[in-house]
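Asker: Return atomic coordinates for the entry below.
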Amino acid sequence: MRLLVVEDETQLADALTEILKRNKYFVDTAYDGIDGLDCALSDVYDCILLDIMLPGMNGMEILKRLRSAKISTPVLLLTARSEIDDKINGLDCGADDYLTKPFITGELLARIRALTRRKGELIDDNRITFNDLDLNKNSCSVSRNSNDVKLSLKEFQIMELLMTNPHQILPKERIIEK
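Answerer: Okay, the predicted model is just below:
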């Protein structure tokens, strides 16, 4: 699963990226609004973690542009703004969830799982299931009928992409991007 973190506080962004990578996510990071928008418009992410107060372009503007471009990637606003009006505005602008800083890592990970589940993925205990195939995100393996096969990172990424987009023909370009 591929995530985009758009956060201008470099220490927080780097720490968050490391935490997410340790939890088997593939993460890209943008440190300002302009780069964040550019990355997000590629529409290759499964979820976007977006700060509101960013240099270049604020998170609300990024969110509005994404939604006007018909990009429906789940967006979690991750911000220091904790006023009720800020939360209402963020959700009304198209955010799927809102989490204020400081946050608990476990809650952040649970919210990411919830957002990506809404895309139709079947995730249970870091597993993705499709028919009789079971992809284990912790061990980077796939199993069928108790036969477990360890996958390389690229094999895992391709299998995850295919299993989270069942019954779809995926263009070669999308597979290469993911």
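
Asker: all strands for the protein, in order.
Answerer: Applying DSSP state E to the chain gives strands spanning 2-6, 26-30, 47-50, 75-79, 97-100, 127-130, 133-136, 141-144, 147-150.

Asker: wait, what's in contact with the closest residue to Gly90 other than its chain neighbours?
Answerer: Using C-beta to C-beta, 6 or more residues apart in numbering and skipping residues adjacent in sequence, the residue nearest Gly90 is Leu77, 4.6 Å away. Every residue, glycine included, has its C-beta placed from N, CA and C. If you count contacts by C-beta atoms under 8 Å, 6 or more residues apart in numbering, Leu77 has them with 50-52, 59, 63, 90, 95, 97-99.

Asker: now those as TSV including pLDDT?
Answerer: Below are these laid out as TSV (pLDDT from 0 to 100):
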residue	pLDDT
Leu50	96
Asp51	96
Ile52	94
Gly59	94
Leu63	94
Gly90	89
Ala95	93
Asp97	95
Tyr98	95
Leu99	95
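
Asker: What is the neighbour count of Gly106?
Answerer: For Gly106, the count of nearby residues is 8 (other C-beta atoms under 10 Å).

Asker: swap in Ser139?
Answerer: 15.

Asker: Surely it is in contact with Lys150?
Answerer: Yes - judged on C-beta atoms under 8 Å, Ser139 makes contact with Lys150 at a distance of 7.3 Å.

Asker: winner for burial among the strands of the chain?
Answerer: strand 47-50 (a mean of 27; mean count of other C-beta atoms under 10 Å).

Asker: Only C-alpha atoms, please: export that one in CSV.
Answerer: The C-alpha coordinates for strand 47-50 follow below in CSV (Å, rounded to 0.1, in the frame of the first residue of the first chain):
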residue,chain,number,x,y,z
CYS,A,47,-4.0,7.3,1.2
ILE,A,48,-2.7,10.8,1.7
LEU,A,49,-1.6,12.2,5.1
LEU,A,50,-1.9,16.0,4.7
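
Asker: Which neighbours in the sheet does that strand have, and how are they oriented?
Answerer: strand 2-6 (parallel), strand 75-79 (parallel) (DSSP bridges).

Asker: who wins for proximity to Pro171 among the ones you listed?
Answerer: Pro171 lies closest to strand 2-6 among those, at 16.4 Å (C-beta to C-beta).
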